[in-house]
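Novice: what follows is a protein structure lacking sequence information:
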């Protein structure tokens, strides 16, 4: 015969209270877990097909075991249902849909039943504890937490946060960083997710926001909002750049972040295993910001291209390696920090490229306009870069160039227009050879050159163009018309114009 386990009634409530206190959950959740355990034991004794429920009195600790049967007509399941006539003999007040409740004698927990009950209680308490952890940490994403290393498995670190466990994955650790059991660790709460095995808290020491929060802890002016961290770029464990701005003109943002004799920045550097940090003043002007971000390299000149979001930086020859940095680190971090693609040239390379551009543009004008090199050089020097520039400029503007009179200006315009007409005729002929439809050629904004490029790419009808997305037309890497200086807004307008005929039938039907 199995030994029985008797739990004094009040002691049951004390156990529930102790477990709830230890796990940081509600007492009711523990008692509900105990009720489910007793219920499971009751079903094991009386049969799993019965609807047996347990109830623990929250004040006295008394355990009640009850069998529930629904009053039904007809009866489908005899284990959980009872006919109305039979129920009325027991309680005349009952009607169909009510439940008839019968008290069952208390269970003496045998060894196996007690073990099963214990497993149910442990499982339910663990679920309640995980739910509490998720509720506590779901709104703490982006905060810095402190904990103790509990386990290290395959480089992944499990951190005890006193009221929860968190995971610091190997790829979220700094390079060459090793923790041992018992070590203190500080990290950013990267994410809190509900997963099948329960809520998981993920930490990071490599995320840019970790550095941002560390500075907020070390620099009171950042915490108070006087100084704002606008951007952070990191090469974890090696080097970082942080852009700051002050909302108070009397406070130097860089000096405040560095601290007296570097005390504040050194505290952050120490936490990040010696990661070198460049603190940079943020600027609303992209050119100034990029120049600041490339520090410590000196910059001679910058050229912005708003359309492609690229910026060309010219540096003295002896500053090239400093600007690029070891394995391109300095320019890569500057690009991440500013959000601009950065191309770096030396003054010698820029001078050589400008000479080549000057020569090729001069040659183009000499060939297209049938002029000598003096006139061609004058046009390039004055900023003309295409034949279209010459063809459509007012005569008075062209004749204002030193060495040109009105007669020369008019002759140049006519030659330019004649050359363009000739080129357009060649392109139109090529477009027809490719089979590009006339209706596509009538779309506003599409030049003969664009039509040839579309035809060569297999876009030959209005429907072909209408099926394309804006990126398929103007994407910098593989857009069909990427070489034609076409803006996104113009590309969208062309696609919508090509789709217009799709809706004409609908309008006719509505009319």
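Specialist: Perfect, I can see it now. The model shown is predicted, which means the values in this text are computed figures rather than measured ones.
Novice: OK, contacts around residue 236?
Specialist: Contacts for residue 236 were tallied using Cβ atoms under 8 Å, 6 or more residues apart in numbering; they are 174, 175, 205, 206, 272, 275. To be clear about C-beta, it is placed using only N, CA and C from the backbone, and glycine gets the same treatment.
Novice: now, among those, which is nearest to residue 136?
Specialist: Looking at these and their distance to residue 136, the nearest is residue 205, at 21.5 Å (Cβ to Cβ).
Novice: roughly how far apart are the closest one and residue 500?
Specialist: 55 Å (Cβ to Cβ, to the nearest Å).
Novice: now the contacts of residue 236 as JSON lines including neighbour count, secondary structure and pLDDT?
Specialist: Below are those laid out as JSON lines (neighbours: other Cβ atoms under 10 Å; DSSP: H, G, I helix; E, B strand; the rest coil; pLDDT from 0 to 100):
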{"residue": "174", "neighbour count": "18", "secondary structure": "coil", "pLDDT": "88"}
{"residue": "175", "neighbour count": "11", "secondary structure": "coil", "pLDDT": "86"}
{"residue": "205", "neighbour count": "22", "secondary structure": "coil", "pLDDT": "91"}
{"residue": "206", "neighbour count": "22", "secondary structure": "coil", "pLDDT": "91"}
{"residue": "272", "neighbour count": "22", "secondary structure": "coil", "pLDDT": "88"}
{"residue": "275", "neighbour count": "20", "secondary structure": "coil", "pLDDT": "88"}
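Novice: and the gap between residue 87 and residue 96?
Specialist: Taken as Cβ to Cβ, the span from residue 87 to residue 96 is 9 Å.
Novice: same deal with residue 410?
Specialist: 104 Å.
Novice: and those two? Which one has more around it.
Specialist: residue 410 (14 against 11; other Cβ atoms under 10 Å).
Novice: ok so, going back, show me which of the contacts of residue 236 is closest to residue 420.
Specialist: Taking the contacts of residue 236 together and measuring to residue 420 by Cβ to Cβ, the closest member is residue 206, at 56.0 Å.
Novice: correct me if wrong: the closest one contacts residue 232.
Specialist: No. Applying Cβ atoms under 8 Å, one finds residue 206 not in contact with residue 232, separated by 11.6 Å.
Novice: list the buried residues in the top strand by length along the chain.
Specialist: Assignment by DSSP state E gives strand 184-195 as the longest strand of the chain. The neighbour-count check on strand 184-195 (16 or more other Cβ atoms under 10 Å) flags 185, 186, 187, 188, 189, 190, 192 as buried.
Novice: so the first one sits against residue 159, correct?
Specialist: Yes. Because the distance of 5.7 Å satisfies Cβ under 8 Å, residue 185 is recorded as touching residue 159.
Novice: can you check which residues contact both of these two?
Specialist: Common contacts of residue 185 and residue 159, defined by Cβ under 8 Å, 6+ apart, comprise 147, 148, 149, 168.
Novice: skipping adjacent residues, who's closest to the second one in space?
Specialist: So that's residue 148. Once flanking residues are discounted, residue 148 sits nearest to residue 160: 4.9 Å by Cβ to Cβ, 6 or more residues apart in numbering.
Novice: I'd say the one you found and residue 145 touch.
Specialist: No. Contact between residue 160 and residue 145 fails when scored by Cβ under 8 Å: they sit 10.8 Å apart.
Novice: so the two - more neighbours on which side?
Specialist: Counted by other Cβ under 10 Å, residue 160 and residue 145 do not tie: residue 145 has more neighbours, with 18 against 15.
Novice: using CSV, lay out the contacts of residue 236 together with distance to residue 20.
Specialist: Formatted as CSV, the contacts of residue 236 follow (distance: Cβ to Cβ, whole Å):
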residue, distance to residue 20
174, 39
175, 43
205, 34
206, 38
272, 40
275, 44
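Novice: looking at the residues you listed, which one is closest to residue 458?
Specialist: Distance to residue 458, by Cβ to Cβ, is smallest for residue 206 among the contacts of residue 236, at 45.2 Å.
Novice: from residue 143, how far off is the residue nearest to the closest one when sequence neighbours are not counted?
Specialist: Leaving aside its sequence neighbours, residue 206 sits nearest to residue 236 (Cβ to Cβ, 6+ apart; 3.9 Å). Remark: distance between residue 236 and residue 143 (Cβ to Cβ) = 19 Å.
Novice: what does residue 286 give?
Specialist: In terms of Cβ to Cβ, residue 286 sits 32 Å off from residue 143.
Novice: so for these two, which residue has more residues nearby?
Specialist: residue 286 (16 against 11).
Novice: does the more buried one touch residue 338 like I think?
Specialist: Yes. At 6.9 Å, residue 286 counts as touching residue 338 under the criterion of Cβ under 8 Å.
Novice: what sits in contact with each of those two?
Specialist: Going by Cβ under 8 Å, 6+ apart, residues that sit against residue 286 and also against residue 338 are residue 311.
Novice: in this protein, which helix or strand is least confident?
Specialist: Scoring the helices and strands of the chain by mean pLDDT, DSSP states H and E places helix 111-137 at the bottom, with a mean of 66.
Novice: what packs against whatever helix or strand comes next after it?
Specialist: Using DSSP states H and E, the next helix or strand after helix 111-137 towards the C-terminus is strand 144-153. Contact here means 3 or more Cβ pairs under 8 Å, 6 or more residues apart in numbering; DSSP states H and E; on that basis strand 144-153 packs against strand 156-160, strand 165-168, strand 184-195, helix 208-218.
Novice: so what strands line up beside the first one?
Specialist: Here strand 156-160 is paired, per DSSP bridges, with strand 144-153 (antiparallel), strand 165-168 (antiparallel).
Novice: looking at those strands, which is nearest to residue 444?
Specialist: Residue 444 lies closest, by Cβ to Cβ, to one member of the strands paired with strand 156-160: strand 144-153, at 56.2 Å.
Novice: which parts of that closest one are buried?
Specialist: For strand 144-153, the neighbour count (16+ other Cβ under 10 Å) marks 144, 145, 147, 149, 152 as buried.
Novice: in the chain, which helix is the longest?
Specialist: Ranked by residue count and defined by DSSP state H, the top helix of the chain is helix 406-434.
Novice: isn't residue 177 right next to residue 237, touching?
Specialist: Yes. Using Cβ under 8 Å, residue 177 is in contact with residue 237, at 7.1 Å.
Novice: give me the common contacts of those two.
Specialist: residue 273.
Novice: so how far is residue 80 from the residue lying farthest from the centre of the chain?
Specialist: If you look at how far each residue of the chain sits from its centre, by Cα atoms, centre = their mean, the farthest one is residue 89, at 67.5 Å. Separation of residue 89 from residue 80 (Cβ to Cβ): 19 Å.
Novice: next: residue 165.
Specialist: 41 Å.
Novice: next, the angle strand 156-160 makes with the longest strand of the chain.
Specialist: 100 degrees (axes from the mean of the first three to the mean of the last three Cα atoms, to 10 degrees).
Novice: parallel or antiparallel, which strands does strand 184-195 pair with?
Specialist: In the sheet, strand 184-195 lines up against strand 144-153 (antiparallel), strand 198-204 (antiparallel) (DSSP bridges).
Novice: relative to residue 261, which of those is closest?
Specialist: strand 144-153 (24.8 Å).
Novice: that closest one: how far from the chain's middle?
Specialist: 26 Å (Cα atoms, centre = their mean, to the nearest Å).
Novice: give the buried residues for stretch 127-145.
Specialist: By neighbour count with 16+ other Cβ under 10 Å, stretch 127-145 contains the buried residues 128, 129, 130, 132, 133, 134, 136, 137, 144, 145.
Novice: quick one: contacts of it?
Specialist: So stretch 127-145 is contacted by 23-26, 29-30, 33, 161, 163-164, 166, 186-192, 194, 198-199, 201, 203, 209-210, 213-214, 217 (Cβ under 8 Å, 6+ apart).
Novice: nothing else from me, thank you.
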